[in-house]
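Undergrad: Build me a structure from this.
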Amino acid sequence: MALEALERDAEPGNPLDRVERIAEAHEWAFSRTDAREVTMDVSGGWSGMSISLSWRDEFEILHVAASLEAKVPPGRRDEVAKLLARINEQLLVGHFDLWHADGSLIFRNSLLLSGNAEANDAQCEALIRLAVETCERYFPAVHFVVWAGQPAGHALEAAMIDTWGEA
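TA: Below you'll find the model as predicted:
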């Protein structure tokens, strides 16, 4: 179903209803954990991601958190934290977090809908797409730091090389 058709059929209310319809249209596996959260699994080129979208009525915010299928071992967390600080400097919206308790890597972003504004399908889809594309863009740099033992600056430079064509 085209997004335009989803837009016409959408009813006002919780933006997670829109998120569910978008996930169905893209054939992403998802579940509605409760009225305030939808989780989905999205396959990326480098890694799978678990994406959670939550609606916070009290703040009128649709929040997305994309968790990469990678855990940073304790011995590499300081260098990954340096890398994430450098990455976050480059991001126009959203940011990466490193959970020191278990080494999880999370990309987070929000859509602010103050004043009873209503999200449309394009905004919801863009929020998800941006999370996936940002994780995909920087995942190699994280791997260079974690598994190749590279310093943050070198890993970021190496990962930012754009390639053209296919081998």
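
Undergrad: contacts, neighbours, all on C-alpha from now
TA: OK.

Undergrad: Just want to check the distance between Glu157 and Ala141.
TA: For Glu157, the distance to Ala141 equals 8 Å [CA to CA, to the nearest Å].

Undergrad: Sorry, slip of the keys, the one I care about is Ala158.
TA: Counting by CA to CA, the separation of Ala158 from Ala141 is 7 Å.

Undergrad: do Gly13 as well
TA: 39 Å.

Undergrad: More neighbours: which of the two?
TA: Higher neighbour count among Gly13 and Ala141: Ala141, with 25 against 11, using other CA atoms under 10 Å.

Undergrad: which other helices and strands contact the longest helix along the chain?
TA: Counting by DSSP state H, the longest helix found in the chain is helix 121-146. If you count contacts as 3 or more CA pairs under 8 Å, 6 or more residues apart in numbering; DSSP states H and E, helix 121-146 packs onto helix 3-9, helix 15-26, strand 61-71, helix 77-90, strand 104-112, helix 152-159.

Undergrad: Reformat the ones you listed as TSV; add mean pLDDT.
TA: TSV is the format used below for these (pLDDT from 0 to 100):
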stretch	mean pLDDT
helix 3-9	49
helix 15-26	93
strand 61-71	92
helix 77-90	96
strand 104-112	96
helix 152-159	86
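
Undergrad: Turn these into CSV, including mean neighbour count and distance to Ile51.
TA: CSV is the format used below for the helices and strands packed on helix 121-146 (neighbours: other CA atoms under 10 Å; distance: least, CA to CA, whole Å):
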stretch, mean neighbour count, distance to Ile51
helix 3-9, 12, 20
helix 15-26, 19, 11
strand 61-71, 20, 4
helix 77-90, 17, 19
strand 104-112, 19, 9
helix 152-159, 17, 23
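
Undergrad: okay, the ones you listed in CSV with distance to Ile128 next?
TA: Formatted as CSV, the helices and strands packed on helix 121-146 follow (distance: least, CA to CA, whole Å):
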stretch, distance to Ile128
helix 3-9, 14
helix 15-26, 9
strand 61-71, 7
helix 77-90, 18
strand 104-112, 9
helix 152-159, 22
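
Undergrad: Give me the residue at the spatial middle of this protein.
TA: Computing the C-alpha centroid of the chain and ranking residues by CA atoms, centre = their mean puts Ala131 first, at 2.8 Å.

Undergrad: and that one, what does it touch?
TA: Val64, Ala65, Ala66, Phe107, Arg108, Asn109 (CA atoms under 8 Å, 6 or more residues apart in numbering).
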